[in-house]
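K.L.:
Show me the folded form of this:
(one chain, ligands or ions: 2)
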Amino acid sequence: MISFRGKAHQFLTQISFYRFQLESKRLLHLSNRLCSNDASFRVSYPTRAVLYVPGSDSKKLTKIFTTNADCVVMDCEDGVALNKKAEAREKIRNLYDTDERVQNNTEGKFAVRINPAETDLASEDIKILFNPKSDILKNNSINNLLPKCIFVPKTSTSQEVKWLFENLNNQLKNYDDLIKLNLFFYMETAIGLINLNDIIKTALSLSKDKYNSKFNLEGFVFGSDDFCADIEATRTKDAFELTYARQKLIAYCKGYKLKVIDMVYIDFKDLEGLRVQCEQGSRMGFTGKQVIHPGQVDVCQQAFTPSKERIDWALGLIEAFDQHQKSGAGAFTYKGQMIDMPSLLQAKNILKIVEKVKKN
Ligand SMILES: CC(C)(COP(=O)(O)OP(=O)(O)OC[C@H]1O[C@@H](n2cnc3c(N)ncnc32)[C@H](O)[C@@H]1OP(=O)(O)O)[C@@H](O)C(=O)NCCC(=O)NCCSC(=O)C[C@H](O)C(=O)O
Ligand SMILES: [Mg+2]
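P.N.:
Ligands and ions are numbered 1, 2, ... in the order given. So this is what the prediction gives:
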């Protein structure tokens, strides 16, 4: 039996819930209005959880349709044994030839990781993966039959970028109506970290000036395990040995408005440890994280999705900022903190992520 006080409490909770809903709707409307005319508010698809599936493993490949990972990377590189490379390429090619779910995906949900540029393995990957069977091509648009996004590991020099674009371009030159191919490069060697600026600038300028924007550099992936091997570091749970590399990669990617995907957490049964590392990566500025097991996807997505509290904070701040701007105040107090233009930009970043997730 609920007492009168209990009932009153229930009633008040209900009222404040409805008030909260109304308030949220009003604020969301306001944020749409504030952000819709903002050129910096470009929203592409989300990459919170990027799941690897070894291309040679038929059973795991069937799981690409049941996972809710934002991006599935069918792997031809390190997740595949050397004597299974040909099998991996064939299985992935077969999916693009026959499966409408893969064919109809327009952005980066189904991607492929090829082998490192300037290797025979990569040449063979490109030759097979970007070559639909002619009888299938007769009845289908080429854009449905090719990977829309590729991941390119161990990118250490701008020379490799040139090699890659040239090879892809040669393979694709017969298909006039090809739309864009999204690309992620890996930063996973010491020399790659040193050459990062050069690699990004080469990829951006070559794509725009020489290849008519056919190739779109979407972002970078931090290959922490290869990087550790390369710098002869020992992996630790809190990843302190990788701090510099992670921060440098974030700064360069954000400087060029690129996505940046954090390290793998190889202890895949330890979900609490995963959560801690995901939240750390999210706070540092990463856009998402690589995962190696479907069981890691939910934890990862949650950590890279702003919480209700953060969204409320952002919406309230945007409204307060708007009001203070109108009254002529650039800086003001909101929830006990000093707010000015950088805080508004941070609040908008939160809404950008929400928009991306909604788009998916
Ligand atoms: C790590 C694994 C080898 C573990 O596999 P398994 O022993 O099969 O795990 P489970 O029994 O727990 O699996 C449960 C079910 O889930 C399916 N499964 C598991 N992993 C995947 C996956 N990645 N994609 C799709 N489906 C998956 C299993 O088949 C089970 O199914 P069912 O029996 O029907 O219930 C395995 O998870 C794995 O191979 N993961 C991928 C490894 C990989 O790709 N590594 C390379 C990428 S990481 C990297 O490159 C790092 C970077 O470059 C760097 O340098 O840092
Ligand atoms: Mg690697």
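K.L.:
Is whatever helix or strand residue 251 lives in in proximity to ligand 1?
P.N.:
With the criterion set as DSSP states H and E, the secondary-structure element containing residue 251 is helix 243-255. No - interface with ligand 1: helix 243-255 contributes nothing (C-beta under 6 Å from any ligand atom), its closest point being 11.3 Å away. (C-beta placed from N, C-alpha, C; glycine too.)
K.L.:
pLDDT (mean, whole number) over that helix?
P.N.:
Predicted confidence along helix 243-255 averages 98 (mean pLDDT).
K.L.:
And that helix, what does it pack against?
P.N.:
On a contact count with 3 or more C-beta pairs under 8 Å, 6 or more residues apart in numbering; DSSP states H and E, helix 243-255 meets helix 190-194, helix 196-205, strand 215-222, strand 259-262, helix 271-284.
K.L.:
To residue 105, which of those lies closest?
P.N.:
Of all those, strand 215-222 sits nearest to residue 105, with 14.7 Å by C-beta to C-beta.
K.L.:
Contact residues of this protein facing ligand 1?
P.N.:
Applying the criterion C-beta under 6 Å from any ligand atom, the portion of the chain that neighbours ligand 1 consists of 52-54, 59-60, 63, 75, 78-79, 153, 188, 223-226, 264, 268, 292-294.
K.L.:
Quick check: residues of the stretch 151-300 of the chain near ligand 2?
P.N.:
Applying C-beta under 5 Å from the ion, we find that the stretch 151-300 of the chain lies next to ligand 2 at 188, 223, 226.
K.L.:
ok, the first one - contacts?
P.N.:
With C-beta atoms under 8 Å, 6 or more residues apart in numbering as the criterion, the residues that contact residue 188 are 153, 154, 221, 222, 223, 224, 225, 226, 227, 230.
K.L.:
between the helices and strands packed on helix 243-255, which one is nearest to residue 132?
P.N.:
Of the helices and strands packed on helix 243-255, the one closest to residue 132 (C-beta to C-beta) turns out to be strand 215-222, at 19.1 Å.
K.L.:
any idea of the angle that closest one forms with helix 196-205?
P.N.:
Regarding strand 215-222 and helix 196-205, their directions subtend 160 degrees when assessed with axes from the mean of the first three to the mean of the last three C-alpha atoms, to 10 degrees.
K.L.:
Show me what strand 215-222 is packed against.
P.N.:
When contacts are defined as 3+ C-beta pairs under 8 Å, 6+ apart, strand 215-222 packs onto strand 181-187, helix 196-205, helix 243-255, strand 259-262.
K.L.:
Would you mind getting the angle between it and strand 181-187?
P.N.:
Using the same axes, to 10 degrees, strand 215-222 lies at 30 degrees relative to strand 181-187.
K.L.:
Give me the contact list for strand 215-222.
P.N.:
In this structure, residues lying in contact with strand 215-222 by C-beta under 8 Å, 6+ apart are 44, 47, 50, 108, 149, 151, 165, 168, 180-188, 200, 203-204, 206-207, 242, 245-246, 249, 252-253, 256, 258-263, 286-287, 290.
K.L.:
Each with direction, which strands does that strand pair with?
P.N.:
If you go by DSSP bridges, strand 215-222 pairs up with strand 181-187 (parallel), strand 259-262 (parallel).
K.L.:
re earlier: among the helices and strands packed on helix 243-255, show me which one is buried the most.
P.N.:
When you average the neighbours per residue for each of these (mean count of other C-beta atoms under 10 Å), strand 259-262 leads with a mean of 26.
K.L.:
average model confidence for that strand?
P.N.:
98.
K.L.:
Could you list the low-confidence segments of the stretch 51-200 of the chain?
P.N.:
Per-residue confidence for the stretch 51-200 of the chain (pLDDT under 70) gives these ranges: 177-178.
K.L.:
Buried only: go through the contacts of residue 188 for me.
P.N.:
With burial judged by 16 or more other C-beta atoms under 10 Å, the buried subset of these is 153, 154, 221, 222, 223, 224, 226, 227, 230.
K.L.:
which of those are the two that sit furthest away from each other?
P.N.:
With C-beta to C-beta as the measure, no two of the buried ones among the contacts of residue 188 lie farther apart than 221 and 230, at 14.9 Å.
K.L.:
Secondary structure element for residue 147, which one?
P.N.:
Secondary structure assigned from DSSP H and E places residue 147 in neither a helix nor a strand.
K.L.:
Could you check how far it is from residue 227?
P.N.:
Per C-beta to C-beta, to the nearest Å, residue 147 is found 25 Å from residue 227.
K.L.:
just residue 187 next, same as before
P.N.:
Counting by C-beta to C-beta, the gap from residue 187 to residue 227 is 7 Å.
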